[in-house]
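Chemist: okay, structure incoming, though there's no sequence with it:
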Ligand SMILES: O=P(O)(O)OC[C@H](O)CO
Ligand SMILES: [Mg+2]
């Protein structure tokens with residue numbers, strides 16, 4: 001029988017931002033519903049699933065093409081149109097449940113963590129302006145308009161850059177845990193090698209590693225997202241409040 005070696009404990013964490021730490025996905029939904037209504041079309045979660053997590057221009061192309069309005073509205077004009085509405089909404093961004101508790105816990109325990117968001121800098125600043133103290137605990141940020149992020153999620157670029165910029169990086173893939181809410185983000189983690197494949201075979205847990213830099217992802221999806229998107233993630237939670245650090249070899253919560 002092949003030797004079974006357990007996974008290494010997680011030592012570093014990468015957080016997504018929109019829809020994971022911040023309750024901002026609802027703003028995109030609201031604005032896109034308004035724009036589509038002008039064309040007598042409705043915005044649904046199958047389209048949402050294809051857009052979320054991506055860089056702005058990449059999501060915009062999906063939006064105008066999938067809805068069949070690209071002859072009337074270009075991706076670039078769509079971005080201009082939604083910008084004014086988003087700019088008013090982003091400064092009101094709230095934290096998702098459990099985000100503050102988890103970030104403060106990892107910081108208190110000396111676990112290095114960073115942010116990897118498809119949001120570009122201007123939006124990042126608007127969204128985080130009420131949460132500066134919490135976000136200042138991140139070791140570093142990789143934003144959607146970072147020069148190293150040639151392509152947005154599901155390309156692995158953003159997670160490869162994030163893994164590289166930790167102290168003493170690049171950190172090995174099998175020591176990194178990624179938190180995501182979006183199908184494109186979970187796929188990006190997988191494409192970066194961050195997926196820890198867990199298979200139940202002959203009543204033992206076997207872990208097979210992929211080559212590449214990172215291997216584990218925890219997905220905290222919106223309940224409206226189709227469950228077929230859950231399959232790529234290593235763990236799916238309803239809320240960050242349900243996260244158990246011990247599952248990943250991380251120090252337990254003091255209040256657990
Ligand atoms: O989910 P994030 O943080 O990568 O952000 C991506 C877009 O800005 C919103 O879907
Ligand atoms: Mg997200």
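Modeler: In hand now; what should we look at? Since the model is a prediction, treat every value here as computed from it, not as a measurement. Ligands and ions are numbered 1, 2, ... in the order given.
Chemist: so which residues on the stretch 151-256 of the chain come close to ligand 2?
Modeler: Residues of the stretch 151-256 of the chain found near ligand 2 (Cβ under 5 Å from the ion) are 181, 182. For glycine as for every other residue, the C-beta is placed from the backbone atoms N, C-alpha and C.
Chemist: ok, the residue of the stretch 151-256 of the chain found nearest ligand 1 - how many residues close by?
Modeler: Proximity to ligand 1, evaluated over the stretch 151-256 of the chain using Cβ to the nearest ligand atom, is greatest for residue 182 at 5.4 Å. For residue 182, the count of nearby residues is 28 (other Cβ atoms under 10 Å).
Chemist: same deal with residue 143?
Modeler: Residue 143 is flanked by 21 other residues according to other Cβ under 10 Å.
Chemist: so for it, what's the pLDDT?
Modeler: Residue 143 is assigned 98 on the pLDDT scale.
Chemist: contacting residues for it?
Modeler: Contact analysis of residue 143 by Cβ atoms under 8 Å, 6 or more residues apart in numbering lists 117, 119, 120, 121, 124, 149.
Chemist: please enumerate the strands of the stretch 101-250 of the chain.
Modeler: Secondary structure of the stretch 101-250 of the chain (DSSP state E, counting those that start in this stretch): strands located at 113-116, 141-142, 176-180, 197-201, 204-208, 216-219, 235-236.
Chemist: tell me who's in contact with residue 52.
Modeler: Contact partners of residue 52, counting by Cβ under 8 Å, 6+ apart, are 18, 19, 25, 28, 59, 181, 182, 183, 184.
Chemist: is the last one in contact with residue 156, as I believe?
Modeler: No - counting by Cβ atoms under 8 Å, no contact exists between residue 184 and residue 156, whose distance comes to 11.3 Å.
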